[in-house]
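K.L.:
Need coordinates for the following:
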Amino acid sequence: MNNPLISPGLGTFVWMLVAFGILAFILIKWGWPLLLNPLKEREAYIDEQLNAAAKAREEMQNMKLNNEDLLKSAKAERDEILRNARLTSEKIVEDARIKATEEADRIVESARENINYEKLKAMHDLKNQIATLSIEIAEKLISAELSDKTKANDLIARELENAKLN
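P.N.:
From the prediction side, this is the model:
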């Protein structure tokens, strides 16, 4: 078994070792940086993406908390608006009721004044008619001969009957 590949000689072994050393030196000097730089860049990119994901997760958590706060404040604002609207509507209804009551009282008072005015007017007209009738009776009595008392009494009774009929 003298195969030089299986059992190399000392010279071959030294030259193989020198060639391996030169190759290792060349790879370490220029090859490994070419291989390691993209790996380092990829590692940095992955770290960056992980940090960005953590930051995004944290921002999402903050946004969720902010959204909950906004929702709570919006509900509180809605409740405040509804309470104010309810109070305003109650005030408007109360004001309308008061105005309607005042208007009704004013209308009733106006009607009472009109009734009193019409009553006074009717009484005044009645007094004028009585006065006119009295004057007419007096004229007729004077015009008739006052010497006859029976004629005068008959005239007065007849005029009173006529006045009651009208």
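K.L.:
contacts and neighbour counts: CA atoms only from here.
P.N.:
Fine.
K.L.:
Show me what the helix ranked longest in the chain is packed against.
P.N.:
In the chain, taking DSSP state H as the definition, the longest helix is helix 32-143. Helix 32-143 sits against helix 149-165, with contacts defined as 3 or more C-alpha pairs under 8 Å, 6 or more residues apart in numbering; DSSP states H and E.
K.L.:
so for the helix it packs on, what's the average pLDDT?
P.N.:
Mean pLDDT, helix 149-165: 76.
K.L.:
where does this protein have low pLDDT?
P.N.:
Scanning the chain for pLDDT under 70 picks out the ranges 1-2, 4-5, 141, 144-147, 164-166.
K.L.:
try 80
P.N.:
Along the chain, segments meeting pLDDT under 80 span 1-9, 138-156, 159, 163-166.
K.L.:
do you know how far Val93 is from Glu102?
P.N.:
When distance is defined by C-alpha to C-alpha, to the nearest Å, Val93 is 14 Å away from Glu102.
K.L.:
for Ala53, same thing?
P.N.:
According to C-alpha to C-alpha, Ala53 stands 71 Å off from Glu102.
K.L.:
Just give the number of residues close to Met63.
P.N.:
13 (other C-alpha atoms under 10 Å).
K.L.:
likewise Lys140?
P.N.:
15.
K.L.:
now do Pro33
P.N.:
With other C-alpha under 10 Å as criterion, Pro33 counts 13.
K.L.:
residue contacts, it?
P.N.:
Not one residue lies near Pro33 by C-alpha atoms under 8 Å, 6 or more residues apart in numbering.
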